[in-house]
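1. quick one, fold the following:
(chains A, B and C)
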Amino acid sequence: MTNIAIEKSKVVRSGRRFMSGDIACAEGALAAGCLFFAGYPITPATEIAEHMARRLPEVEGVYIQMEDEIGSMAAVIGASYAGVKAMTATSGPGFSLMMENIGLAVMTETPCVVVNVMRGGPSTGQPTMPGQQDVMQARWGSHGDYEIIALAPSSVQEMFDLTIEAFNLAETYRVPVSVLADEIVGHMWERVNIPDIDSIKIVNRKKPTAPPSNNFAPFKPEKDLVPPMAIFGEGYRFHATGLTHDERGYPRTESAEAQTRLVRRLCDKIRKNRDRIIRVEKAMLEDAEVAVVAYGIAARAGLSAVRKARARGIKAGLLRLVTLWPFPDEQVALVARQVKAIVVPEMNCGQMLREVERAAKETPVIFLSKLGEEPHKPDEILDAIEGVQR
Amino acid sequence: MIEELGHPYEKFLRKDRIPHIWCEGCGNGIILNCFAMALDELNLDLNKVVVVSGIGCIGRVSGYTNTDSFHTTHGRPIAFATGVKLANPELKVVVISGDGDLFAIGGNHFIHAARRNLDIQVICANNFIYGMTGGQYGPTTPLESWTTTTPYGNIEQAFNLVHLAAACGSVYVARWTTLHTRWLTEAIKKALQKEGFSFIEVVSQCPEIFGRYNKMETPLKMMKWFKEASVVQHFSDPAKAEITPNRITVGEFVDIEKPSYGRLLREMTTRAAEKK
Amino acid sequence: MPVKTWRKPLDADKVKSPKGEVHLIKDRCKGCGYCIEYCPKDVLEESNEINARGIHPPRVIDEKRCALCGFCTAICPDFAIFTTEKNCEGGC
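-> Coordinates of the predicted model:
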């Protein structure tokens, strides 16, 4: 795609910058080497599309506004199979439309990034208000049994950093990775430190080492359960399908053995690599007696509440989930064993709550639900923390 | 007569996948045959051809061609092809899919890809029915046809696909039946060499299901309909070219020049990349 | 449909119509009948043999009739029949 030598400074504008989360996400994608964006405008993710529309042609990438989100996701998979890092960005309603093709991306092991700047739902909901109502959908939204990776940024800096990480994870595991932001993180403006392009760690998909041959098996996994990815146009002449298939990529719709082999590997690919995928951030947890387990915008208030609690002499700590899926079971379980109770603030009616409860086993979990325009106030979380100590 | 010689078009097929799953007399086999012939006569670099298909009997075609290929979710081959072509414009991306996949569930992607004049070729195997799922009606099923979901006769008007394709802005529109093998091959060759969005409707037979349900139970009976009803008329008004039991207008309908989406995209990108 | 004329073309001796050899991959044949029905020279008919699918594949009645038009090669959905040019050095 390049005739003109693109200056690195065009791709990554390093330095201390001030921008919104959506824009930081787009800049992160460019820094990761994304050269294809297919999407559809939707509040509050539209700015990502607009920024990509402006920036991608500058770096000889492609922005296309597809006719709907279904087509957007299909185009993303097509671009990825043609060898280009590709992404889309949407919100709840678009995320729902993309679900079938996210399943196609899983089944065809397509590296790609889907950003969902979550808003109030369900249905059209409150387009300009934050929400965290799609976190279960990110994991279970498509039909069939599968695993994906989802990350939850809680600052503009993380919109930049985690989008790069999303691309790296997608390329490593050949899986769609969701970046689950929310309207506040997407629309707020904060300072971002953008490093030099050379210091940004980029991962590219494994390529087949053997030259094209009649026996080439595009879905034959290596030890890490991830097959090296052949792309179109290099002579491999391979087939990929959303049907259950064998290692040659050919449909195997009649065989239980083929179904077992493929579906289990697609799940194990993520499950067995959990330790390398999952990230959490711990604050003041070493001697904590109460823990706040939170992610995204709720974790901002959570951190503030924990600090206030500490100032009042309460041993509170925060476990911030950076990776939402696969769910950080062990990390939550570890914290649960240590504390009297866990407080989970979420901008929904209880989604990651259920995962926390499951991992926390006997430890009581207090749920703070918040819906609508306002995120949790630190004092609301502080009240709950104090309530535990009483 | 000598057996054991390889068929001349076998090099365009994945040998370990032949014989294909299609029924006796199925038009899909003929479409694959003509496509292979076109590739043969054009001498294209097969490493740069990508065949994309959707769901349906014809959807299996991508599994048979000896090229890079992809079998998408229902209705989405054109959207997928958009991503492929824009990411790597050097690839020749051909969508081969069915009437339901392209015009029912996939209708939106068709009209927009045509409107954009995306540089891809779309070949539609129009067999007037949803064969793979056992014979339900689709957007091209003729009025009054019997199908499993129109047991009292189809009451829906059928699309006139060449009219639709022309109206959406395709630069090349042609319709042939599977009987017109030489014409069809030439049309495919022309489309593959033409810049912009080309559409070829192939009126194709499904004798096993559509034929059996509608008094044309054998392959030869369906072919007889094509033979008797088709009239070659180049550049007639596509709006008047509906398919009826008595008349199938075949030929080229549109052959115009228009800059493709890719061309405009490259010009725009050059402008954007050169600024500052 | 052969065109009836009252005279031979002046260069009839110089122009050689190609002659074809018919090749069958019998076990691929599914018995649709297209090649038999539409061969313009009536080269084929249904045979009495039965192939691996239980179908009667076509048989060549008279290969000398084959004009290498290529229609059977093109129309067969199953890649079961094709023609090659016959070497007519010693006459056909």
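
2. ok, now which ones touch residue B:115?
-> B:168, B:169 (Cβ atoms under 8 Å, 6 or more residues apart in numbering or on different chains). Where you see a C-beta, it was placed from the backbone N, CA and C, and this is true even at glycine.

3. state the distance from whatever residue of chain C ends up closest to chain A to residue B:34.
-> Residue nearest to chain A within chain C: residue C:79 (18.4 Å; Cβ to the nearest Cβ). With distances taken as Cβ to Cβ, to the nearest Å, residue C:79 is found 12 Å from residue B:34.

4. surely residue B:238 meets residue B:168?
-> No - with contacts counted by Cβ atoms under 8 Å, residue B:238 stays clear of residue B:168, the gap being 11.1 Å.

5. more neighbours: which of the two?
-> residue B:238 (21 against 18; other Cβ atoms under 10 Å in any protein chain shown).

6. for that one, report the pLDDT, please.
-> In this prediction, residue B:238 carries a pLDDT score of 97.

7. the helix or strand where residue B:223 lies close to chain C?
-> Residue B:223 is part of helix B:219-229 when elements are defined by DSSP states H and E. Yes - for helix B:219-229 and chain C, the contact criterion (Cβ under 8 Å from any Cβ of the partner chain) is met by B:219, B:220, B:223.

8. tell me how many other residues crowd the nearest residue to the last one once chain neighbours are set aside.
-> With Cβ to Cβ, 6 or more residues apart in numbering or on different chains as the criterion, residue B:223 has its nearest non-adjacent residue at 5.8 Å, and that residue is residue B:179. In terms of burial, residue B:179 registers 24 neighbours under the definition other Cβ under 10 Å.

9. same question for residue C:4.
-> 5.

10. host element of it?
-> Applying DSSP H and E, one finds residue C:4 in no helix or strand.

11. got a pLDDT number for it?
-> Reported pLDDT for residue C:4: 76.

12. for it, give its distance to chain B.
-> According to Cβ to the nearest Cβ, to the nearest Å, residue C:4 and chain B sit 23 Å apart.

13. go on, residue A:121?
-> 24 Å.

14. is it true that that residue touches residue A:134?
-> Yes - the pair residue A:121 and residue A:134 passes the contact test of Cβ under 8 Å, sitting 7.0 Å apart.

15. past the helix or strand hosting residue A:353, which element shows up next along the chain?
-> Using DSSP H and E, residue A:353 maps to helix A:352-360. Later in the chain than helix A:352-360, the nearest helix or strand by DSSP H and E is strand A:365-369.

16. just the C-alphas of that next one, formatted as CSV.
-> Output of strand A:365-369 as CSV, limited to C-alpha atoms (Å, rounded to 0.1, in the frame of the first residue of the first chain):
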residue,chain,number,x,y,z
VAL,A,365,-19.6,-8.9,47.5
ILE,A,366,-21.4,-5.6,47.8
PHE,A,367,-22.7,-4.3,44.5
LEU,A,368,-23.1,-0.6,43.7
SER,A,369,-25.2,-0.2,40.6
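
17. where does pLDDT dip in chain C?
-> Scanning chain C for pLDDT under 70 picks out the ranges C:1-2, C:92.

18. all helices of it, in order?
-> C:34-38, C:71-75 (DSSP state H).

19. what count of nearby residues applies to residue A:181?
-> 35.

20. helix or strand for it, just tell me which one.
-> Residue A:181 belongs to strand A:176-182, assigned by DSSP H and E.
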